[in-house]
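Novice: heads up, no residue letters with this:
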């Protein structure tokens, strides 16, 4: 890929990642956040975080699928950091608009309500990943350790999905779509590894 | 428990000192409207106009002939007709809040009748046109608090359910009243699986006879929009919204507590009583405060009042009851 295409793609990805936030800012300024603005803000930031996390986790399976897609790795850090950005906005919406900055209420919520417990855990797991996302930290930790640490993202996305399921009313299935996509990505990794191994074996035999 | 003095008939337990005089909120609103309109023009947006327009107009332009009621709630800014008719929980027409406004148009509201069954002297049927003429229709503004944590202030039209019950001749062993909503799998094809349709709700007899319990036939001076439970629904203002069954086709008097839809679905989350109570949390969220629909996000949250502010009229119904146990 040449440099111009890469820059163009980066601009597009930045624009796409900023889109949900831009919609919220525009809505807040013009009074177009819908009948329940608090819920609109909380829901759209949470959904953006989960979606970006899932998209960032699709990159490795896609690269395994075809070496021609290996350039996608250049976008993984960006997507992951934007996922963390939206997860943080989501957490701030809870802190500011639900608990009204009352530390007592927050502690009570985290202890008593399992969907909040797992939501906070999912965010906490993302913190070390965001902090060690720089090239400097990759060098300091060494590729192997860095990779091992960043496996935490799987725990984070699972807790995030659980947070979504536990938050909706019984019988409501809106989290189903994103859960199926994530499940497919989980299954894709070992399947692609197996498929690759078979291909290599076949080549060797020939 | 707070017991209000029995002479409180304003429909609100807000002390008079806290009620904003009409001239003041009128001018405050015009000020807001002006500011908002200026902002809207700057951004080329028309929603602000929608927010403020229905208040004066819809109340006056309604087709229903209504009278004033001493049971109406005063001192609260009304939620707009637009929000009341576009943000609905009516699962038969879809689980998203915007679904009922899109889908409820197919609900056949004429002809319509309510069947009265169960422990009555003789079963009866009340046609919707007879119900509209049974008693003078009253304008009743009530706070509406959803169990999900949001609230509205809604100008309903109707009369006390007790007026209808008196004409039903219930037997002395009738202890509960069950309300069944219209359901047809062909019409309401959006109804999610796993629920026991038709929608069923119930009240204890004394709750049903309380004058605040409203047999509701209109909204903002007009007949009920379909997404809000046309042509006739219940409004029980001191209970969470799901207790107020929509599009009622049957009223059944029973001696046992009837099954109710949300209680069947998750009994730990939705009790039979479901009185609005800031001291009893929903398992998944606190009920101490609520988000008022239509207000900006930074000013949306308000404390939730015991019995939704109607304790003066209803607290005595629950004397001696542990409301944490009977949530």
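Specialist: Perfect, I can see it now. All values reported here derive from a predicted model rather than from experimental measurement. Numbers count the residues shown, from 1 in each chain, chains lettered A, B, ... in the order given.

Novice: mind listing the helices in chain B by residue range?
Specialist: Applying DSSP state H to chain B gives helices spanning B:22-43, B:47-52, B:54-61, B:81-86, B:99-103, B:128-134, B:161-166, B:205-209, B:261-265, B:311-314.

Novice: In terms of helix, strand or coil, where does the residue nearest the centre of chain A fall?
Specialist: Taking Cα atoms, centre = their mean, the centroid of chain A lies closest to residue A:53, which sits 1.6 Å from it. Per DSSP: H, G, I helix; E, B strand; the rest coil, the local secondary structure of residue A:53 is helix.

Novice: Please name the spatially closest residue to it (chain neighbours excluded).
Specialist: Nearest residue to residue A:53, sequence neighbours excluded (Cβ to Cβ, 6 or more residues apart in numbering or on different chains): residue A:83, at 4.3 Å. Where C-beta positions appear, they are placed from N, C-alpha and C, glycine not excepted.

Novice: Next to chain B in this structure, residues from chain A, please.
Specialist: Counting by Cβ under 8 Å from any Cβ of the partner chain, chain A comes close to chain B at A:28-39, A:41, A:97, A:100, A:105, A:108-109, A:112-113, A:115, A:166-167, A:169-174.

Novice: For chain A, give me the ranges with low pLDDT.
Specialist: Across chain A, the ranges flagged by pLDDT under 70 are A:206.

Novice: Kindly apply the preceding question to chain B instead.
Specialist: In chain B the weaker segments, taking pLDDT under 70 as the threshold, are B:1-62.

Novice: Now do the strand ranked longest in it: which elements does it pack against?
Specialist: Once chain B is assigned using DSSP state E, the strand that runs over the most residues is strand B:150-160. Judged by 3 or more Cβ pairs under 8 Å, 6 or more residues apart in numbering or on different chains; DSSP states H and E, the packing partners of strand B:150-160 are helix B:81-86, strand B:137-145, strand B:214-219, strand B:289-292.

Novice: could you dump the ones you listed to CSV with mean neighbour count and distance to chain A?
Specialist: Formatted as CSV, these follow (neighbours: other Cβ atoms under 10 Å in any protein chain shown; distance: least, Cβ to the nearest Cβ, whole Å):
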stretch, mean neighbour count, distance to chain A
helix B:81-86, 20, 4
strand B:137-145, 22, 13
strand B:214-219, 24, 16
strand B:289-292, 21, 5
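
Novice: Just put those in CSV and tack on distance to residue A:79.
Specialist: Formatted as CSV, these follow (distance: least, Cβ to Cβ, whole Å):
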stretch, distance to residue A:79
helix B:81-86, 34
strand B:137-145, 40
strand B:214-219, 46
strand B:289-292, 32
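
Novice: Out of the ones you listed, the one nearest residue B:270 is which?
Specialist: Of all these, strand B:137-145 sits nearest to residue B:270, with 13.7 Å by Cβ to Cβ.

Novice: and the angle from that closest one to strand B:150-160?
Specialist: Here the directions of strand B:137-145 and strand B:150-160 differ by 150 degrees (axes from the mean of the first three to the mean of the last three Cα atoms, to 10 degrees).

Novice: Which other helices and strands does strand B:137-145 contact?
Specialist: Looks like strand B:137-145 contacts strand B:66-67, strand B:150-160, strand B:214-219, strand B:233-235 (3+ Cβ pairs under 8 Å, 6+ apart).

Novice: ok, residue B:161 to chain A distance?
Specialist: 28 Å (Cβ to the nearest Cβ, to the nearest Å).

Novice: And that residue, how close does it get to residue B:200?
Specialist: Using Cβ to Cβ, to the nearest Å, residue B:161 is found at 16 Å from residue B:200.

Novice: can you check residue B:214 too?
Specialist: Distance from residue B:214 to residue B:200, by Cβ to Cβ: 19 Å.

Novice: need the contact list for the closest residue to residue B:155 other than its chain neighbours.
Specialist: Closest residue in space to residue B:155, ignoring its immediate chain neighbours: residue B:141 at 4.8 Å, by Cβ to Cβ, 6+ apart. By Cβ atoms under 8 Å, 6 or more residues apart in numbering or on different chains, the residues touching residue B:141 are B:11, B:72-74, B:76, B:78, B:153-156.

Novice: now, which of these sits nearest residue A:133?
Specialist: Using Cβ to Cβ, the contacts of residue B:141 come closest to residue A:133 at residue B:153, 47.7 Å.

Novice: any idea how far chain A is from the residue nearest to residue B:124 when sequence neighbours are not counted?
Specialist: Residue nearest to residue B:124 in three dimensions, not counting chain neighbours: residue B:116, with 4.5 Å by Cβ to Cβ, 6+ apart. Using Cβ to the nearest Cβ, residue B:116 is found at 31 Å from chain A.

Novice: so how far is residue B:252 from residue B:116?
Specialist: Taking Cβ to Cβ, one finds residue B:116 at 8 Å from residue B:252.

Novice: do the same with residue A:72
Specialist: Counting by Cβ to Cβ, the gap from residue A:72 to residue B:252 is 62 Å.

Novice: out of those two, which sits in the busier spot?
Specialist: For residue A:72 versus residue B:252, neighbours defined as other Cβ atoms under 10 Å in any protein chain shown are more numerous around residue B:252 (20 against 17).

Novice: Figure out how far the helix or strand containing residue A:106 is from the centre of its chain.
Specialist: Element membership for residue A:106, per DSSP states H and E: helix A:103-112. Mean-position distance between helix A:103-112 and its chain equals 25 Å (Cα atoms, centre = their mean, to the nearest Å).
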